[in-house]
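K.L.:
fold the following, please.
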Amino acid sequence: MTNTFETRIDRRFAALKTEGRAALVTFVTAGDPDLETSKKILAGLPKAGADVIELGMPFSDPMADGPAIQASSLRALKAGQKMRDTLAMVREFRKTDPDTPIVLMGYYNPIYVYPVAAFLEDAAAAGVDGLIVVDVPPEADDELCLPARDKSINFIRLATPTTDDKRLPAVLKNTSGFLYYVSITGITGAGAANPDDVQLQVARIKKATTLPVAVGFGVRTPEQARAMAKGADGVVVGSALVRAIEESLTEDGRPTGNTVGSVLNLVEGLSAALRSS
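P.N.:
Okay, here's the model as predicted:
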């Protein structure tokens with residue numbers, strides 16, 4: 001669809017198209033492993049090379065996510081992270097970074113109980129640019145997608161290898177910002193896809209939309225990011241980053257002096273790979 005509004009996401013992808021490179025889209029869970037450490041990671045991501053930031057909304061039953069992201073969500077909840085804390089993180093981030101797009105990603109339940117109208121009002125005021133809510137299908141656009149659009153918030157959908165040409169128009173209908181192509185079937189953090197297969201699928205999708213297409217799931221290394229960027233407008237990395245957080249923690253789950261740096265160093269390597277593509 002064509003937006004009647006422009007967001008930071010639109011501007012960022014347009015700028016990167018001019019540069020001739022794919023965006024690095026990074027995912028971390030808000031409040032993981034605790035609020036203060038999470039805020040430091042979020043603040044450091046743009047300088048490390050993140051072009052778009054997906055900020056996970058912690059939820060107790062993240063059914064589409066693999067063990068790494070499930071664990072990050074549970075760590076955040078255990079540390080006391082609530083939706084209002086997540087929105088406050090975005091507000092604080094916006095005080096020093098007015099340009100980097102932020103997309104909240106997760107599940108409908110925490111939004112529903114907020115509830116929806118108040119959530120969208122607060123999200124827009126905080127500086128949220130987009131939403132990825134994996135368990136709200138196109139058939140329920142009146143529930144969240146269209147109200148988000150009314151608040152000038154992009155609603156970003158996922159397409160998968162099983163999204164055929166018959167289903168694709170429904171997925172694209174009210175999608176804006178970008179389309180997230182899930183390169184493999186199954187949960188996050190699973191095995192990597194074949195880059196040639198992904199390139200063919202992205203080309204097929206691009207025949208049906210002018211939206212940027214970002215590819216994710218299973219991307220862990222700079223080499224994989226570079227390979228997945230061929231033909232795509234962005235590469236999403238999530239499980240590898242939350243795994244870096246997990247591996248830096250003490251046995252009782254507390255952050256160490258390496259926690260923030262381990263994530264940002266990985267982002268720097270991923271960014272360098274895409275910038276040299």
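K.L.:
what ranges does the chain have for its strands?
P.N.:
Assigned by DSSP state E, the chain shows strands spanning 23-29, 52-56, 102-106, 130-133, 154-155, 158-159, 179-182, 213-216, 234-237.
K.L.:
in JSON lines, list those along with mean neighbour count, distance to residue 93 and mean pLDDT.
P.N.:
Yep, even glycine has a C-beta here, placed from its N, CA and C like the rest. Listed next are the strands of the chain as JSON lines, based on neighbours: other Cβ atoms under 10 Å; distance: least, Cβ to Cβ, whole Å; pLDDT from 0 to 100:
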{"stretch": "strand 23-29", "mean neighbour count": "28", "distance to residue 93": "12", "mean pLDDT": "98"}
{"stretch": "strand 52-56", "mean neighbour count": "26", "distance to residue 93": "8", "mean pLDDT": "98"}
{"stretch": "strand 102-106", "mean neighbour count": "25", "distance to residue 93": "7", "mean pLDDT": "97"}
{"stretch": "strand 130-133", "mean neighbour count": "24", "distance to residue 93": "15", "mean pLDDT": "98"}
{"stretch": "strand 154-155", "mean neighbour count": "24", "distance to residue 93": "17", "mean pLDDT": "98"}
{"stretch": "strand 158-159", "mean neighbour count": "20", "distance to residue 93": "24", "mean pLDDT": "96"}
{"stretch": "strand 179-182", "mean neighbour count": "24", "distance to residue 93": "21", "mean pLDDT": "96"}
{"stretch": "strand 213-216", "mean neighbour count": "26", "distance to residue 93": "21", "mean pLDDT": "96"}
{"stretch": "strand 234-237", "mean neighbour count": "27", "distance to residue 93": "19", "mean pLDDT": "97"}
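K.L.:
can you say which of the ones you listed is nearest to residue 199?
P.N.:
The closest approach between residue 199 and any of those, judged by Cβ to Cβ, belongs to strand 213-216 at 9.1 Å.
K.L.:
that closest one pairs with which strands?
P.N.:
The sheet places strand 213-216 alongside strand 179-182 (parallel), strand 234-237 (parallel), with pairing taken from DSSP bridges.
K.L.:
low-confidence ranges, the stretch 1-150 of the chain, go.
P.N.:
Flagging of the stretch 1-150 of the chain using pLDDT under 70 yields the residue ranges 1-3.
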